[in-house]
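Undergrad: below is the sequence, then the predicted model.
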Number of protein chains: 4
Amino acid sequence: MAMVCLSDFEAYAKKHLPKIAWDFFAAGADDCSTRDENILAYKRIHFRPRMLRDVSVMDIRTKLLGTEISFPVGIAPTGFHQLAWPDGEKSTARAATAMNTCYIASTYSTCTLEEIAAAAPSGIRWFQLYIHRNRAVSKQLVQRAEALGFQGLVLTADLPYTGKRRDDIRNGFRLPPHMKLKNLEGAFEVCKMSPSFHSLWCLDPSVTWNDIYWLRSLTHLPIIIKGILTKEDAELAVRHGVQGIIVSNHGGRQLDGGPATIDALVEVVEAVQGKIEVYLDGGIRKGSDILKALALGAKCVFIGRPALWGLAYKGEEGLQDVLRILQDEFRLSMALAGCARVSHIDRHLVHFSKL
Amino acid sequence: MAMVCLSDFEAYAKKHLPKIAWDFFAAGADDCSTRDENILAYKRIHFRPRMLRDVSVMDIRTKLLGTEISFPVGIAPTGFHQLAWPDGEKSTARAATAMNTCYIASTYSTCTLEEIAAAAPSGIRWFQLYIHRNRAVSKQLVQRAEALGFQGLVLTADLPYTGKRRDDIRNGFRLPPHMKLKNLEGAFEVCKMSPSFHSLWCLDPSVTWNDIYWLRSLTHLPIIIKGILTKEDAELAVRHGVQGIIVSNHGGRQLDGGPATIDALVEVVEAVQGKIEVYLDGGIRKGSDILKALALGAKCVFIGRPALWGLAYKGEEGLQDVLRILQDEFRLSMALAGCARVSHIDRHLVHFSKL
Amino acid sequence: MAMVCLSDFEAYAKKHLPKIAWDFFAAGADDCSTRDENILAYKRIHFRPRMLRDVSVMDIRTKLLGTEISFPVGIAPTGFHQLAWPDGEKSTARAATAMNTCYIASTYSTCTLEEIAAAAPSGIRWFQLYIHRNRAVSKQLVQRAEALGFQGLVLTADLPYTGKRRDDIRNGFRLPPHMKLKNLEGAFEVCKMSPSFHSLWCLDPSVTWNDIYWLRSLTHLPIIIKGILTKEDAELAVRHGVQGIIVSNHGGRQLDGGPATIDALVEVVEAVQGKIEVYLDGGIRKGSDILKALALGAKCVFIGRPALWGLAYKGEEGLQDVLRILQDEFRLSMALAGCARVSHIDRHLVHFSKL
Amino acid sequence: MAMVCLSDFEAYAKKHLPKIAWDFFAAGADDCSTRDENILAYKRIHFRPRMLRDVSVMDIRTKLLGTEISFPVGIAPTGFHQLAWPDGEKSTARAATAMNTCYIASTYSTCTLEEIAAAAPSGIRWFQLYIHRNRAVSKQLVQRAEALGFQGLVLTADLPYTGKRRDDIRNGFRLPPHMKLKNLEGAFEVCKMSPSFHSLWCLDPSVTWNDIYWLRSLTHLPIIIKGILTKEDAELAVRHGVQGIIVSNHGGRQLDGGPATIDALVEVVEAVQGKIEVYLDGGIRKGSDILKALALGAKCVFIGRPALWGLAYKGEEGLQDVLRILQDEFRLSMALAGCARVSHIDRHLVHFSKL
C-alpha cells in the first residue's frame, strides 16, 4: 500500500497497533467532540489563493524562537512512544533531527532525557513539563533537560487532572510491565486509572501563574505555555513573561466541549499582538492545514497523533515519511496559494466560511 | 460491561426494560425533534476554559433555595418509577438522599408520598403538582406534601393536555394492573389514552397565573414553576411571586418544535435578572453539560431519563452510580475549566458556536 | 397498523399505489431540493410557547374570505385523484365537506366539475385554473365553476411549462387509458411528456398580470393567485386587486432551487401588509407545522400529497382520517403553545433558529 | 437506461471507463473538499422566481466577447479527451460546433490544434495555454492557435505546480503509450508523477502578471485569465488589460480548501464592475446552476467533467446530448423564474441561504 497522505499512516497504525495502544493514542475525552472538532474546523476555513506570483523558488523554512527549522512543523509532546515503536522516543528524536525540526519530549517519555539527547545530539529539542506535587522532582527534570541541551521548556497548563477517556477506562489502560516512565522512576508511585475523579501520576493541581516565576528561577530556558485557549489567558501569559504559547486542547483529551484549536488561535493571536510567538497543535493532517494555521497567526504547528502513526509504521523512518509528506504538501499549498516564502503568508489568505 | 458514562446505563435500560416501558420513558412528542435538540444543543456551546488556576481543592456543593446539596444536580419529576424498578420512587428517594441531593417526586408516582417520605426521612424532597379539575384533590396533595416534610412545591405548567407521543399510542400504553397512581387513588377515573385530543387523568387545562395565588394560599412551601421557556413567562413568574423556575420542555414530550432548554435558558436568565433561582432540565448527559448550564445561569439542573436508567440498572444503587458519575464528571470539568468552586463559574466560560 | 400520524399514510400509499402513480405524486423537479426543503424548513423554526393560559375551551375555526371552516387546513389542488382512489375527486369533495373545510378542485381533475359539485353540494369549493392557449376553453371552465357554486378562483401562476420531474420521464408517465382529464375533453390533444422543453397540455406561457383583468371580467368570484414566492410579486398581486395569495412552489415540482414556502411566507406577508389574505401550501405534515405557518402570517394552509395519501388509504374515509389527525394535532399544538383560539396566534410564537 | 440528467452520464462513465481514467477525471486535490464544495454551494443559493411574465418566446442566446453562442454554456479546457473517446478532442470540437457554443481546447489535448480546427472549421474555439519553462514552446503554440482561427487565448493561472490528487498517485497515472500530448511533442520530456513536490510537464512556476504583457506582444487574440478567485486578483486582471476572467478552482484539482467557484464569483464580479466579462467553471450539473451563475454576474459558464462524461457515453453525440439537456433545463429554469431572455436575469433572482 502506498503511503500517500497521513490518513494512510493512521489506517496502518489502527490495523497494526494493539487495540489498547491504538485506543490510548486515539482517545478523546467524553464524547470526543473536541478531538473531532479539531479536524472539522479546518473545513470551515477557506483559502483566498493568489495567482500569478513567482513561486519558482520556494522557501518554507521558519524560525522557532530564533532557531531555524526546515518548515513550520514540529513534534508535539506525547507520551509512551514505546507503545508505538520499540525504540520509542529515541526514534522520534532521530527523525525530527533528520528532518531538521523541533521535537518536544514529554515528561511521560519511555526513554530517559539522556537517551533522547544521545540519540540525536544535534537536534532541536524542547522539554515538556508536568509539575509534580513534589516540586523537587520537577526541578530536577528541568535542570537535567537544560544541562542536556534542550532549548525550550514547555509547561503543560491543561492537565491539573487527567481528562475522562472512556476507552482507556474500559480497557483498564496501563503501560505494559516492560515499559517505564523512565524520567520519573523512583520519584513516586504510579496511580491506577479509575473512572472516578483522581490525579494521575501525582501531578499538582494547585499550579498557578505564579509558578511561572518559580520555573523562571530554575532555568534560563525560554518558557512556553501549552494549553492556552482564551484571550484572557493569552494576556496573562504575556504579562508573566513567557516566550511562547502553544494553543492546544491536548488533542481533545482533556476538557471535552472546548473549541477547536484553529478557532481559538484567532483570539489568542489577537490578544498577544505579536509580543510573543504563538504555536498550535491539534488536527493538523495536511499541508493546507499548516498553511491555514500560519495564515491565522501561528508561527509553527506541532503534530501529535500523526507522529505516533509514523512511528507505528516504521519507527524513525516512518516518522520521517510523515514529516516529508507534510513538508511537500505544505510547500505545494503555499505555491498554489501564491506564497513563495513563509513571510508571504498573511491573514488575507483565509476567510471563515459561515458554514 | 463497565458502566463508564450515562450512555452505558441508557443502553442497559433499553436492552432490559420491557419495550412498552422503554418506549414510554424514551418518548418524545411527534417527531421527537425537541427531545433530540435538548441534547444536540449542548454541542453548539463551547467552553472557554481557563488555565493555571489552583484547582487542588474542589468544592462542588451548591444551595437550592438555601438548602445545601452535594452538587448542582437533582432528580426531575418523572412518573411511574415502578416501571423501572420494583421499589419505584422509594428507591429514588433513598438514592437521592444517599447522594445528598434533591428529589422532586411526581404527582404520578407509583408510591404514596408517605412511602416516599418514610423511605428516606432525612432527604431533600420537593413535590411536583399537576392541578386537578377537582381542586380539592390538588389541595389535599399539597397539604399532605407539606405535612410530610417536602420542602418545595413544583407546579408543572406545560401539560394542560398530554403531548402526542406516537409510540405510546401504537403500544396502547397503560400502567400494568399491579401498579397504581397511588396518590390519586379514589380521586377519579383514569382515562384511556387515544390518538385524539383529550385530557389525561383529568388535569385542568384552565389553569392560569392566578392559580399561583390560590396555591400560595394553601401552603407555606416555596413555589417553583416548571416548564417556562420564554422571557415573557419568566417575567410573569417573577411578578407572581414564585421562588424559582425550571426551564423545561418536559423532555420534549409536550410541544414538539420548541427550543432546547439550554437555548431557552439564556433568555429566561436574562429576564429574571437574578431575582429568583432558575433551574433547567432536559438533555443533561455528562458533567460538562451541567457546567454549561451553570455558566449560562442555571443554579442547578435536574435529570429525568438518566435517573430512570439508573433505577432500571440496579434500583437505588444504580441511580447512585448515575449520580456519582455525573458528580465526578462535573467536578473534573470544573477543574479542567479552571473553576475550583461553583461560584467561579460564570458566563464568560462558554460561547455559542455559530455552527 | 395504527394510523397515528401522516407518515403512516405516506408509508401505506407508497406500499400500495402502483409505482408510476406513487412516483408521479411524490415527484419533485430535478434533484427534489425544494420539495425536501419544504419539510426541512419547519425544523428550523422554533416555538416560543406560552404557559398558564386558560386552554380549557379550544376554538380552532377560522374564516377563508369570510366563509367559516372548521380549522385552517384546506385541500390544495392536485391532479388525477383517480390514480389514488377509484372515485377520485368525488371522494375528495365529500371528505372535505364532511370535515367542513375548503377543497380546491384542479383543472386536471379526473371527474368533471359537475360531478364534484354533485358529490358534496353543500361543500366549500374553489376552482383551480390553468390558462389555456385557447382562452375560450378557460373562459368556459371559469363560468362553469361559478355556475356550479364554486366560491373562489385559484389561478396557478408557476406553471408556464411543466417542471422537469425525472422519475416521470423515466417512467414515461401518462394517465391510464380509462382515466380522462374530464374537464378538458375535446378541448385539445394531450401532449406526451418528453425530457425536452415543452408545454404540457397546451397551457399558455404568455400569461401575465394583465390576464388578471381578463379573469376579473369573466367572473364575480374572488381571485386567488397560487405560486407567489417574493415580495415583489406579492405587491403586484395586491396592486392587481386579487383577493388572496397562496405561497406555493407547487410542492417543489416546478423550479428546483426555490425557497421553502414557509421561508417565502415571511416576505410575502410583510409585503402584503394585511391587505389581502395569504395562504400557504407545501410541507405541512403535522399540526405544529400549521401552527408555525399561522404564526408567520398565513390565514390557512393547504395540503397536497397528504390528501392523496389519505385517498390512497381509504378514499373519502382515509382523507377524513388525515384531516382529523391534523385537526387534533393542531388543536393540541395550539393548547400547548398557550393559544385557545386562532386569533391568539401571533408572530411572537415562533423564532427562526440559526441552525 | 434513459439519459435524463447529467448524473446519468456520470454513472455511465464511472461504469464504463477504465478505473484509472475515471479516477483521473474525477480527481480532486487532497480530501476533495473544494471539488465537492463546487457542487454543494449551489444548494445554498435559492431562487426568488418571478411569476406571470410572458415566457412564451424564449431566447437563451448570449455573446462571448461579441460572438453569439446558442446558450451561455461552453466547454472548459480539460486534457486527454482520448481517455474518454477514441476521437478525443476532434469529437469535442464537432459537438460544440454542432451546438453552436464555444470550446476551449487544452494545451494537453491528445489531438493537435490543427486536427481540432479541421474537425469543425466553423466552430467557436479558444485555446487554453500553460506557459512552458521554454517560452519558445508557448510562443509557437499561441501563434499556431491564432493562425488556425482560434478566437481567444485562455491563460491558466492556478497551476504553477500540479495539485496533489491522491488517486492519481496511487494509480501511478500516466497516459497510455498510444496517446500523446500531441501539441507538445518534441518540445520536452514528460516528467513522471510522484507523491512529492514537482513540476509536471515542465510548466513555468515563475509566471507573473508581467507575462500578460509578453502574451499581448505575441497575439491579437483576446486574453482570458482562468483561475481567479479573489477580488484582489480580479482587480489586477482588469488593470493588466485582459478581456475576461474565468472564476475557476480547476475543478478542485489544485489547492484543496479554496472556495466554491459560485461563492468566489460574487467578489470577483463586484471587483470587476462590469469592465470585463466574467465566466465560471466548476460544479455546473443542472440548468438551474447555470441560471444561478448568471444571476450572480457570470456572462457564461463552462463545463469540464460533464463534457467528458458525454464523450465517454457516445463521443460527439454523447456530448451533444449533455449540452442539449443543459440547454433544455436552462431554458426551462429561466422560464419558471420568469425570464424570457438572458438579459432579464439579474442579482435579485437569487439569495444566499444562511444554511
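TA: Looks like it came in fine. Predicted, not measured: the structure shown is a model, and the values here were computed from it.
Undergrad: who are the packing partners of the host helix or strand of A:Trp309?
TA: Assigned by DSSP states H and E, A:Trp309 falls within helix A:305-337. Contacts defined by 3 or more Cβ pairs under 8 Å, 6 or more residues apart in numbering or on different chains; DSSP states H and E place helix A:305-337 against helix A:6-16, helix A:19-26, strand A:73-75, helix A:89-98, helix A:287-295. For every residue, glycine as well, the C-beta is placed using N, CA and C.
Undergrad: pLDDT (mean, whole number) over the last one?
TA: Which is helix A:287-295. Averaging pLDDT along helix A:287-295 gives 98.
Undergrad: please save the CA atoms from that helix in CSV.
TA: Presented in CSV, the C-alpha positions along helix A:287-295 are these (Å, rounded to 0.1, in the frame of the first residue of the first chain):
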residue,chain,number,x,y,z
GLY,A,287,-0.1,20.6,4.3
SER,A,288,-3.0,23.0,3.8
ASP,A,289,-3.9,22.8,7.5
ILE,A,290,-0.5,24.1,8.3
LEU,A,291,-1.0,27.0,5.8
LYS,A,292,-4.3,27.9,7.4
ALA,A,293,-2.7,28.0,10.9
LEU,A,294,0.1,30.2,9.7
ALA,A,295,-2.3,32.5,7.9
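Undergrad: tilt between that helix and helix A:305-337?
TA: 80 degrees (axes from the mean of the first three to the mean of the last three Cα atoms, to 10 degrees).
Undergrad: picking that back up, in the helix holding A:Trp309, what's buried?
TA: A:305-316, A:318-337 (16 or more other Cβ atoms under 10 Å in any protein chain shown).
Undergrad: and it with helix A:6-16, angle?
TA: Using the same axes, to 10 degrees, helix A:305-337 lies at 170 degrees relative to helix A:6-16.
Undergrad: following helix A:305-337, which helix or strand comes up?
TA: Next in sequence after helix A:305-337, counting helices and strands by DSSP H and E, comes strand A:350-352.
Undergrad: shaky segments in the stretch 201-350 of chain A?
TA: Low-confidence segments of the stretch 201-350 of chain A (pLDDT under 70): A:201.
Undergrad: near chain B, which residues of it?
TA: Counting by Cβ under 8 Å from any Cβ of the partner chain, the stretch 201-350 of chain A comes close to chain B at A:204-209, A:211-212, A:225, A:227-230, A:232-233, A:236, A:254-259.
Undergrad: unless I'm mixing things up, A:Arg347 is touching A:Ala298, no?
TA: No: using Cβ atoms under 8 Å, A:Arg347 makes no contact with A:Ala298, being 11.6 Å away.
Undergrad: contacting residues for the residue nearest to the spatial centre of chain A?
TA: Relative to the mean C-alpha position of chain A, the nearest C-alpha, by Cα atoms, centre = their mean, is the one of A:Ala76, at 2.3 Å. When contacts are counted by Cβ atoms under 8 Å, 6 or more residues apart in numbering or on different chains, A:Ala76 touches A:104, A:246, A:248, A:281, A:302-304, A:307.
Undergrad: of all the residues in chain A, which one is nearest chain C?
TA: Scanning chain A for the residue nearest chain C gives A:Lys354, at 9.9 Å (criterion: Cβ to the nearest Cβ).
Undergrad: which residue ranges of chain A form strands?
TA: For chain A, the strands defined by DSSP state E occupy A:45-47, A:62-64, A:67-69, A:73-75, A:102-105, A:124-129, A:152-156, A:223-228, A:244-247, A:277-281, A:300-303, A:350-352.
Undergrad: in the stretch 101-250 of chain A, what residue is nearest chain D?
TA: Taking Cβ to the nearest Cβ, chain D has its nearest neighbour within the stretch 101-250 of chain A at A:Thr101, 16.9 Å off.
Undergrad: please tell me how far that residue sits from A:Pro121.
TA: 16 Å (Cβ to Cβ, to the nearest Å).
Undergrad: swap in A:Pro205?
TA: 36 Å.
Undergrad: repeat that for A:Arg53.
TA: 40 Å.
Undergrad: please say which of these two ends up with more neighbours.
TA: A:Arg53 (21 against 11; other Cβ atoms under 10 Å in any protein chain shown).
Undergrad: read off the pLDDT value for the more buried one.
TA: So A:Arg53 comes in at 98 (pLDDT).
Undergrad: next, count neighbours for whatever residue of the stretch 151-300 of chain A ends up closest to chain D.
TA: In the stretch 151-300 of chain A, the residue found nearest to chain D is A:Ser288; the distance is 4.7 Å by Cβ to the nearest Cβ. Neighbour count of A:Ser288, defined by other Cβ under 10 Å: 29.
Undergrad: make sure A:Leu294 is actually in contact with A:Ile345.
TA: Yes: A:Leu294 is within contact range of A:Ile345, at 4.7 Å (criterion: Cβ under 8 Å).
Undergrad: contacts only, for the nearest residue to A:Gly149 once chain neighbours are set aside.
TA: Leaving out its chain neighbours, the residue that sits closest to A:Gly149 by Cβ to Cβ, 6 or more residues apart in numbering or on different chains is A:Ala117, at 6.0 Å. Listed by Cβ under 8 Å, 6+ apart, the contact partners of A:Ala117 are A:93, A:125, A:148-150.
Undergrad: out of the residues you listed, who's nearest B:His220?
TA: Nearest to B:His220 among those is A:Phe150, at 68.2 Å by Cβ to Cβ.
Undergrad: between the helices and strands packed on helix A:305-337, which one is closest to A:Val57.
TA: Short answer: helix A:287-295, nearest of the helices and strands packed on helix A:305-337 by Cβ to Cβ, at 17.9 Å.
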